[in-house]
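Enquirer: Fold the following, please.
(2 chains)
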Amino acid sequence: MFAFLRLVLLLLIILTLIYGGVSLYSRERRRAKLKQHWAVKGLTGDRQSFIQRGLKQYDHSLRRRLILLVYILPLSAIALVIYVVNFS
Amino acid sequence: MAYIKWGFLITVWSVFAAFLHYTLPQYDVVRIVSTYEERQELDNWKRIFWSTPDNPTQAAITRDVQFIQSFRANGDAIVYRNEDTGWHWPPYFKFDTANLYTEANDAISTKDDPEWVVVLHYGWRSVFLSTFPNAISITPVSGPDDKPLNWFNFIFLTLLAALFWAIYVRWRRFRRDRIDPVLEDVEDGFYAAGDAISERRGRLRRWFSSLKG
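Expert: Residues are numbered from 1 along each chain as shown, chains lettered A, B, ... in the order given. Sure, this is the predicted structure:
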């Protein structure tokens, strides 16, 4: 049981670090893209609120939810290995 | 310096390759002859070649370990150990040691009427260190040449190589863009300082020689 807890704790820490890193990176990338879009199209008006609106849209997007795969993929891989090794 | 660099690189990569070779799964087509259980003394550094018991109170130095004796198609003997990996490294999550022992006993066959099975395993057999590969699963196959393709290793090693390549390319780009210019700046600074010093020295010398007249 001790080993199981250790594994879970280790996975939780590592995957959370990866999740946080990927989240920050992806959001900053979206921000850079919005800025670029603003510059290329030569938009006028409130640039700050344009970017804020774009980021709010991003927060509700599928792309951001897909980052949850950072947790889902390794855990399902472990479940698959457990099934294949012990039950098939 | 170049020797040290290459020696270091070769050592690191050899250790890494050995680690992968020990940990990744491999298939053997064998004929199982017998199984036995033997008490093992695990009181020295060779313990790393054996599994860790799941219960911390069981961290005893002696323990019963199951073994599976078998022959390869070419007549070489090979002995596997049969141990749980549990939640420990390597991540095979094997809990069905007792079941595997039963399957192994069921697959016992004679030389005259061989029954070939493929044993998925990891680890090394070393007669000097008395280490044994750990059997993970046993599957019947039609004949000694019926060895399954190790597609997991293909995919895993390809992905690993891609990952290393991606890191290497980014590191080189980072070096070219961020580190090399700084080093060049420093170098230029040194040269400029050196030029300035030699120029001043020249002036000093000229001044001296003018005094001597």
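Enquirer: Which residue does chain A have closest to chain B?
Expert: Ranked by Cβ to the nearest Cβ, the top residue of chain A for proximity to chain B is residue A:3, at 4.1 Å. C-betas here are computed from N, CA, C, even on glycine.
Enquirer: Spit out the contact partners of residue A:12.
Expert: If you count contacts by Cβ atoms under 8 Å, 6 or more residues apart in numbering or on different chains, residue A:12 has none.
Enquirer: That one: which element?
Expert: If you go by DSSP states H and E, residue A:12 is part of helix A:2-41.
Enquirer: and the following helix or strand past that helix, average pLDDT?
Expert: Secondary structure here is assigned by DSSP H and E; on that basis, the next helix or strand after helix A:2-41 toward the C-terminus is helix A:47-59. Predicted confidence along helix A:47-59 averages 91 (mean pLDDT).
Enquirer: what's the angle from helix A:47-59 to helix A:2-41?
Expert: Helix A:47-59 and helix A:2-41 meet at an angle of 140 degrees, taking axes from the mean of the first three to the mean of the last three Cα atoms, to 10 degrees as the criterion.
Enquirer: How is chain B partitioned into domains?
Expert: Annotated domains of chain B cover B:2-148, B:150-213 [automatic domain parsing].
Enquirer: Pull the contacting residues for the closest residue to chain A within chain B.
Expert: Nearest residue of chain B to chain A: residue B:87, at 4.1 Å (Cβ to the nearest Cβ). Contacts were defined as Cβ under 8 Å, 6+ apart; by that measure residue B:87 touches A:3-4, A:6-7, B:54, B:93.
Enquirer: The closest residue to it other than its chain neighbours and residue B:86, how far apart?
Expert: Nearest non-adjacent residue to residue B:87, counting by Cβ to Cβ, 6 or more residues apart in numbering or on different chains: residue A:3, 4.1 Å away. With distances defined as Cβ to Cβ, to the nearest Å, the gap from residue A:3 to residue B:86 amounts to 6 Å.
Enquirer: Centre of the chain to the helix holding residue A:12, how far?
Expert: Centroid separation between helix A:2-41 and its chain, computed with Cα atoms, centre = their mean, to the nearest Å, is 5 Å.
Enquirer: Next, the most centrally placed residue in chain A: phi, psi?
Expert: Compute the mean C-alpha point of chain A, and by Cα atoms, centre = their mean the closest residue is residue A:67, 2.8 Å away. Dihedral angles of residue A:67 (phi, psi; degrees, to the nearest 10) stand at phi -60, psi -20.
Enquirer: nearest residue to residue B:123 other than its sequence neighbours?
Expert: Excluding the flanking residues, the one nearest residue B:123 by Cβ to Cβ, 6+ apart is residue B:133, at 3.8 Å.
Enquirer: Looking at that neighbour now. What's its pLDDT?
Expert: pLDDT for residue B:133: 96.
Enquirer: correct me, but it touches residue B:122?
Expert: Yes - when contacts are counted by Cβ atoms under 8 Å, residue B:133 is listed as touching residue B:122 (6.3 Å).
Enquirer: and for those two, which residues touch both?
Expert: Common neighbours of residue B:133 and residue B:122 are listed as residue B:26 (criterion: Cβ under 8 Å, 6+ apart).
Enquirer: Give me the more crowded residue out of the two.
Expert: residue B:133 (22 against 18; other Cβ atoms under 10 Å in any protein chain shown).
Enquirer: Could I get the contacting residues of that one?
Expert: Residue B:133 makes contacts with B:26, B:78, B:80-81, B:121-125, as judged by Cβ under 8 Å, 6+ apart.
Enquirer: For residue A:17, see how far away it is.
Expert: For residue B:133, the distance to residue A:17 equals 34 Å [Cβ to Cβ].
Enquirer: cool, residue B:115 as well?
Expert: With distances taken as Cβ to Cβ, residue B:115 is found 49 Å from residue A:17.
Enquirer: now residue A:53
Expert: With Cβ to Cβ as the criterion, residue A:53 and residue A:17 are 30 Å apart.
Enquirer: quick one on the thing from earlier: deepest in the core, which of the domains of chain B is it.
Expert: Comparing these by mean neighbour count (mean count of other Cβ atoms under 10 Å in any protein chain shown), domain B:2-148 ranks first with a mean of 15.
Enquirer: Go ahead and measure how far it is from the middle of the chain.
Expert: Counting by Cα atoms, centre = their mean, domain B:2-148 is centred 15 Å from the centre of its parent chain.
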